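Peer 1: Predicted model and sequence follow; I will ask about them next.
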Amino acid sequence: MKLKKLLKKLNFFLHADKQLQHDKDEALANVLKKLKKKEMKLQEELDLETDEIERKFLEQELKIVHSQREKGIGLLSEMRGRSRENGS
Amino acid sequence: MLNNKLSRILLPTIFIVLAYGFWLSPDFKAISAGVAIFLFGMLALEEGFRAFTGGTLEKILKRTTDRLWKSLSFGIVATTIMQSSSLVSVITISFLSAGLIGLSEGLGIVFGANLGTTTGAWLVAGFGLKVNIAAYAMPMLVFGVILVFQSEKRLKGFGYILAGLGFLFLGIHYMKEGFEAFRGTIQLAEYAVSGMAGLLLFALIGVAATVIMQSSHATLVIIITALAAQQITYENALALAIGANVGTTITAILGSLSSNERGKQLAGGHLIFNVVTGLVAIIFIQSFMAGVESISAVVGIAADDYTLKLAVFHTLFNLTGIIIMVPLIGRLVWLLEKMIRVKPTRIAVPKFLNDSALAFHDTAIEALRNETLRVYKHARNIIARGLSLSREDMLSDLPIEDVINKNNMPIPFDIDAAYEKNIKSLFGAILTFSSKVPGEAQSSHDISRIRNANQSIISVLKGIKHMQKNMFEYIDSDNDFIREEYNGIRTRIVRVMRRLEKISSGNEDEPDVTVLSLDALKLTLEENSATLNERIEDLISSHDITADMGISLINDSNYAYDIIRNLIAVNSNLFHAEAKAETEAEHMIALEDHEISSVLEEDEK
């Protein structure tokens, strides 16, 4: 491991605030990834579904996941913008 | 209680013996100061490791204790790093009490800790005696104490660990110096007792010394330094090491006094393991000594290096103990569960909330969560019975329509009595326990979620109770319309219960976003609520139901709406992802009421 990378890791470890921010960022990105997978899976299910009631239910769920993703992306970019402003 | 009695008798005796010893010999004073500094170092080390228990330890434990070999390895590694089997035992008891791990996993950790603690003897015999250890202690103490004064939690933790190690080294140095100076005035080795009598006598001394100091590590360091200064014979040192191994169980026993039956079972298992291992070592001492000689010859330990040979012996007999006891772990669990039974009670008593679980934030939160899950489990029974259904039917795979048709007659059930018996005491205990958890930002956030979950459970039960009277009247009514509407309410609640069960049990094929999966349920709830109100108005205006029936139906539909909302809230507050930060992220993304309404409005367009 390069010295710079090692120092960055040590810096993170010793500064809990920065690490906490980093963990939050990473967690939000992970959840967004999972939501994207879920959205794709729901879309596949919807494409195959023929029953009208089931289709409506899947469509609703898809809209919810889409809204959640939109909200999450907004939060993530806001969080990253803030940390950039703080110079970390 | 035992702790109090012990300290009432032991403490004055120890003070008198020590004072007399100090008056007699300044060298004894140096050795005792060494032990005191060493023990203080252990305390500082434990304090330091506690700073790193928030979240990290829970994560490691969950990942490393699902198999027996993993719990064994966890015990070995954790004790090697922390150099304190007592701390590992106490952590294990609190995790077991909080329901984070099972008894066999707990026993695995404790067995592993027994082997891990033998690395201490290797460090002292191989490193502590060979170099000027005090030279390392001084800078460690200086840097450590500077770090202890920092406000940053991790830096402070590092400081305690560094200062702890410094004190350990300094303590070893004083013990070593003391025993060497002692040699000039008195030869303790002259009091050596050979043969089986000596073995038993010195094993008992080892037990007593460890019980008093509550640290087998400290006893071992005394043994090793005394052996290096030729103040005790090699044979007697082996017996002392066996005794120290048995005596170390006192910490777990004392720690388990404030825990539940599970903690006591673990302490019992720890005692059985160490006693059996000790007995095997005493009975087969000659074979063990021969084994030590062979191993020493292979690894190149000098014939007269008795301190390292003691370390070999210590590892060898603990390893033998593991080899003997691991295959018997299942039987040991059975025996312990038979010996220390969980008492059946008429009124539900907390299973996970005890003082041991309060030792760490993670265990306290997990204990609260597990206890709340118990409350929820009891509440599910009450919900099912309140809806005139059985819990099995409610959560089965049978079509909901069939379940409702099968249970079409009201079944009397006293919700108040069930609440008094199974919920109230647990709810009270949860509130009391949550107020005892030391308030850190993260934990108080977790605690407020758990409190909210409990309050939502109570609201669900209140709703069920309010609905029960009319439901009894209308589920077997001659009026098809009102009967259908009330069965519709039952159906909606059952559907939500089943959906929640499905979300909480998880699906391997689906991405794990449990908290967020609840938003779809909220949307369905809002949608149903809107259509239901229109339908009730139609039924009243077309005179299909009477005005009284209509009022009851409007009220009970509102109760059902609240019940479902609260059920979703319970689960939202109790569900959590593998990583704590991801749970927080899910809560941040979860849609608010107005956002759900926007999705619904968009849907209607």
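Peer 2: Thanks, I have it.

Peer 1: Confidence-wise, which helix or strand of chain B is lowest on average?
Peer 2: Ranked by mean pLDDT, DSSP states H and E, the weakest helix or strand in chain B is helix B:56-64, scoring a mean of 68.

Peer 1: moving C-terminal of that one, what's the next helix or strand?
Peer 2: Next along the chain after helix B:56-64, taking DSSP states H and E as the criterion, comes helix B:68-82.

Peer 1: mind saving the C-alpha coords of that next one as CSV?
Peer 2: C-alpha atoms of helix B:68-82 as CSV (Å, rounded to 0.1, in the frame of the first residue of the first chain):
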residue,chain,number,x,y,z
LEU,B,68,-18.0,-23.5,16.0
TRP,B,69,-14.5,-23.2,14.5
LYS,B,70,-15.2,-19.5,13.9
SER,B,71,-16.2,-18.9,17.5
LEU,B,72,-13.1,-20.8,18.6
SER,B,73,-10.9,-18.7,16.4
PHE,B,74,-12.7,-15.5,17.6
GLY,B,75,-11.9,-16.5,21.2
ILE,B,76,-8.3,-17.2,20.4
VAL,B,77,-7.7,-14.1,18.3
ALA,B,78,-9.6,-11.7,20.6
THR,B,79,-7.8,-12.9,23.7
THR,B,80,-4.5,-12.8,22.0
ILE,B,81,-5.1,-9.2,21.0
MET,B,82,-6.7,-8.0,24.2
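
Peer 1: Contacts for that helix, please.
Peer 2: Helix B:68-82 is touched from outside by B:45-46, B:49, B:60-61, B:64-65, B:85, B:88, B:91-92, B:101, B:104-117, B:119, B:322, B:326, B:329, with contacts defined as CB atoms under 8 Å, 6 or more residues apart in numbering or on different chains. Where you see a C-beta, it was placed from the backbone N, CA and C, and this is true even at glycine.

Peer 1: Mind checking which of those are buried?
Peer 2: By neighbour count, with 16 or more other CB atoms under 10 Å in any protein chain shown, those hold B:45-46, B:49, B:61, B:64-65, B:85, B:88, B:91-92, B:101, B:104-117, B:119, B:322, B:326, B:329 as buried.

Peer 1: Return only those of these found close to chain A.
Peer 2: Cross-checking the buried ones among the contacts of helix B:68-82 against chain A (CB under 8 Å from any CB of the partner chain) gives no overlapping residues.

Peer 1: hang on, the earlier thing: restricted to helices, list the contacts of helix B:68-82.
Peer 2: Under the assignment DSSP state H, those contribute B:45-46, B:49, B:60-61, B:64, B:85, B:88, B:91-92, B:104-116, B:119, B:322, B:329 to helices.

Peer 1: Which helix or strand contains the most centrally placed residue in chain B?
Peer 2: Residue closest to the average C-alpha location in chain B (CA atoms, centre = their mean): B:Phe95, at 0.9 Å. Using DSSP H and E, B:Phe95 sits within helix B:85-97.

Peer 1: Quick one: list the elements packing against that helix.
Peer 2: Under the contact criterion of 3 or more CB pairs under 8 Å, 6 or more residues apart in numbering or on different chains; DSSP states H and E, helix B:85-97 touches helix B:68-82, helix B:103-116, helix B:216-228, helix B:249-256, helix B:261-283, helix B:361-386.

Peer 1: Who are the packing partners of the last one?
Peer 2: By that I understand helix B:361-386. Here helix B:361-386 touches helix B:56-64, helix B:85-97, helix B:391-394, helix B:415-419, helix B:425-436, helix B:441-474, helix B:480-505, helix B:547-574, going by 3+ CB pairs under 8 Å, 6+ apart.

Peer 1: Tabulate these (JSON lines), appending distance to B:Val333.
Peer 2: Formatted as JSON lines, those follow (distance: least, CB to CB, whole Å):
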{"stretch": "helix B:56-64", "distance to B:Val333": "19"}
{"stretch": "helix B:85-97", "distance to B:Val333": "12"}
{"stretch": "helix B:391-394", "distance to B:Val333": "29"}
{"stretch": "helix B:415-419", "distance to B:Val333": "33"}
{"stretch": "helix B:425-436", "distance to B:Val333": "26"}
{"stretch": "helix B:441-474", "distance to B:Val333": "30"}
{"stretch": "helix B:480-505", "distance to B:Val333": "26"}
{"stretch": "helix B:547-574", "distance to B:Val333": "28"}
